[in-house]
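Novice: Quick one: sequence and predicted model below, then my questions.
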Amino acid sequence: MSQITKIKSIEHVTHDVLRIVLDKPQGLNYIPGQAVDISLNKPKWSEKKNCFTFTSLPEDDHIEFTIKTYPEHKGMTNELLSSKPGDEVLIYSPFGDIYFKGAGIFIAGGAGITPFIAILKSLEKQNKIEGNKLIFANKHKADIILEAHYNALLGKNFINVLSKEEIEGYEHGYISEQLIKKYSEDNLKYYYLCGPPPMMNAVEGLLKTLGIAEEFIVKEGF
């Protein structure tokens, strides 16, 4: 079953990422970190579902998605680039296994940061942000979503890793065993993972090599 909602606002947060705010459907409940299938309520698009993560909080009077666009795919994200306030969206039932279990290190790749946007927003609101870390892997500095916000919120606990650029103050390359060890702390038990599947598999393998028990690795179940 789906509900119809409307776009309230749409804006760019980076060169290829949109923030889309919509009216909140009645009775909609979700946990920070969860996602939902949506489709566009117009001809040729209403049957095409895409999954996006809420970047708003359940108690907000609106819903928000932070969406990376891929114009070359000619899919929904490309269609959203030309969407405007008032356009209708169909929203289905929320789902997902990523939610906050305890203080830890959030490891995100590109658009994989979206579940952590909501979780960190929730922690900030509860004054529980202190100690948590965010390791964010991107190709270029221009790809970093909400960089200024997380610099202000997390300070030295916001670690950026760039694979295609070498910039002072930013880690260079890919997330490695050495990098995880460098930023790990005994009191940060949980490792939250979200990113492209190859990165997820690689990082999960590194964590297991480091002796992290599966119960402390939080990721989407497939």
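Specialist: Looks like it arrived, so ask away.
Novice: After the longest strand along the chain, heading C-terminal, what element do we hit next?
Specialist: Counting residues, the longest strand found in the chain (DSSP state E) is strand 3-14. Counting by DSSP states H and E, the next helix or strand C-terminal to strand 3-14 is strand 17-23.
Novice: distance between the helix or strand encompassing Leu123 and the chain's centre?
Specialist: Assigned by DSSP H and E, Leu123 falls within helix 114-125. Relative to its chain's centre, helix 114-125 lies at 9 Å (C-alpha atoms, centre = their mean, to the nearest Å).
Novice: So which elements touch it?
Specialist: strand 50-53, strand 62-68, strand 104-109, helix 147-154, strand 190-194 (3 or more C-beta pairs under 8 Å, 6 or more residues apart in numbering; DSSP states H and E). All C-beta spots, glycine's among them, are computed from the backbone N, C-alpha and C.
Novice: Of these, which is nearest Leu28?
Specialist: For Leu28, the closest of the helices and strands packed on helix 114-125 is strand 62-68, at 7.0 Å, according to C-beta to C-beta.
Novice: Now whichever helix or strand comes after that closest one: buried residues?
Specialist: Proceeding N to C from strand 62-68, the next assigned helix or strand is helix 76-80, under DSSP H and E. For helix 76-80, the neighbour count (16 or more other C-beta atoms under 10 Å) marks 76-77, 79-80 as buried.
Novice: How about residues contacting helix 76-80?
Specialist: Residues outside helix 76-80 that contact it (C-beta atoms under 8 Å, 6 or more residues apart in numbering) are 10, 18, 20, 39-40, 45, 48, 50, 67-72.
Novice: Among these, the buried ones, what's the ChimeraX command?
Specialist: To isolate the buried members of those in ChimeraX, using 16+ other C-beta under 10 Å:
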select :10,18,20,39,40,45,50,67,68,69
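Novice: Let's have the contacts of helix 76-80 in TSV, adding distance to Glu165 and pLDDT.
Specialist: Shown next, in TSV, are these (distance: C-beta to C-beta, whole Å; pLDDT from 0 to 100):
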residue	distance to Glu165	pLDDT
Ile10	28	98
Leu18	23	98
Ile20	28	98
Ser39	36	97
Leu40	35	98
Trp45	36	96
Lys48	35	96
Asn50	29	96
Ile67	24	98
Lys68	18	96
Thr69	21	97
Tyr70	21	96
Pro71	22	94
Glu72	22	96
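Novice: Nearest to Glu88 among the contacts of helix 76-80?
Specialist: Nearest to Glu88 among the contacts of helix 76-80: Leu40, at 7.6 Å, using C-beta to C-beta.
Novice: So the residue lying farthest from the centre of the chain: helix, strand or coil?
Specialist: Most distant from the centre of the chain: Pro43, at 29.0 Å, with distances by C-alpha atoms, centre = their mean. For Pro43, the reduced secondary structure class is coil; criterion used: DSSP: H, G, I helix; E, B strand; the rest coil.
Novice: And the one 5 residues further on, by the same measure?
Specialist: Under three-state DSSP, the three-state class of Lys48 is coil.
Novice: can you count the residues close to Ile98?
Specialist: Ile98 has 25 neighbours, counted by other C-beta atoms under 10 Å.
Novice: From what I see, it and Ile217 are in contact.
Specialist: No - using C-beta atoms under 8 Å, Ile98 makes no contact with Ile217, being 11.0 Å away.
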